[in-house]
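A.B. asks: sequence first, then the predicted structure:
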Amino acid sequence: MRLQLLALLAKEPAHGYELKQALEQTFGNAYPSPNIGQIYVTLGRLEKDGLVRGVDVEQSNRPNKKVYHLTAAGLDTLAIWADEPTEGPRVRDEFFMKLVLAPMTGMADRMALITRQRRHYLALMQDLNQLLAATDRGNRYAILLIEGAMLHLQADLEWLDRCQEELL
């Protein structure tokens, strides 16, 4: 969440609740709504690390609010994040380790493991289909995020078929 908050603050200074709303408006239900406490804890850490600066702003008839501004160091961190590629395919797949090693112990049957994992992926796909149906069609970001998750799941399902062909 650190880098997402930095990215939002690069657009404009904001306080924690505004950042929470910006995440919710940008990604809709496709991205789990962050806990406001988590946002303020993260902002505190970012401030401690010198990536943001908090300024108390007076409000009439209300307690002061703390508005956060991106620092030069925060901007540099954000630029590095934007420029670096993100992690690619995972080679250390926990399910695959289980699929190979658990049967060696006699604790699991490969077909049962594949079947259980397939059911899990299909249930996740159903959840994503429901989420997609409930998502505002105008929220392109949320739709792309959900569709991306669905494509990853589809690839995982195809990979399970491949594992079944090769290992059984």
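C.D. replies: Yes, it's here. Residues are numbered from 1 along each chain as shown.

A.B. asks: please make it C-alpha for all contacts and neighbour counts, starting now.
C.D. replies: Fine.

A.B. asks: which secondary structure elements does the helix or strand encompassing residue 65 contact?
C.D. replies: In this assignment (DSSP states H and E), residue 65 forms part of strand 62-70. In terms of contacts (3 or more CA pairs under 8 Å, 6 or more residues apart in numbering; DSSP states H and E), strand 62-70 is packed against helix 2-11, strand 52-59.

A.B. asks: tally of neighbours for the closest residue to residue 75 other than its chain neighbours?
C.D. replies: Of all residues not flanking residue 75 in the chain, residue 10 sits nearest, at 7.1 Å (CA to CA, 6 or more residues apart in numbering). Residues contacting residue 10 under the criterion other CA atoms under 10 Å number 17.

A.B. asks: how much space separates residue 10 from residue 71?
C.D. replies: Applying CA to CA, to the nearest Å, the value for residue 10 to residue 71 is 9 Å.

A.B. asks: how near is the residue most central in space within the chain to residue 101?
C.D. replies: Residue closest to the average C-alpha location in the chain (CA atoms, centre = their mean): residue 31, at 6.5 Å. Applying CA to CA, the value for residue 31 to residue 101 is 34 Å.

A.B. asks: now swap in residue 144 and tell me
C.D. replies: 36 Å.

A.B. asks: repeat for residue 35
C.D. replies: Distance, residue 35 to residue 101, using CA to CA: 38 Å.

A.B. asks: figure out which of the helices and strands packed on strand 62-70 is closest to residue 131.
C.D. replies: Nearest to residue 131, of all those, is helix 2-11, at 22.1 Å by CA to CA.

A.B. asks: out of residue 35 and residue 101, which sits in the more crowded spot?
C.D. replies: Under the criterion of other CA under 10 Å, the comparison of residue 35 against residue 101 puts residue 101 first, with 14 against 10.

A.B. asks: just after the strand or helix carrying that one, pick out the following helix or strand.
C.D. replies: Element membership of residue 101, judged by DSSP H and E, is helix 94-105. Sequence-wise, the next helix or strand downstream of helix 94-105 (DSSP H and E) is helix 110-134.
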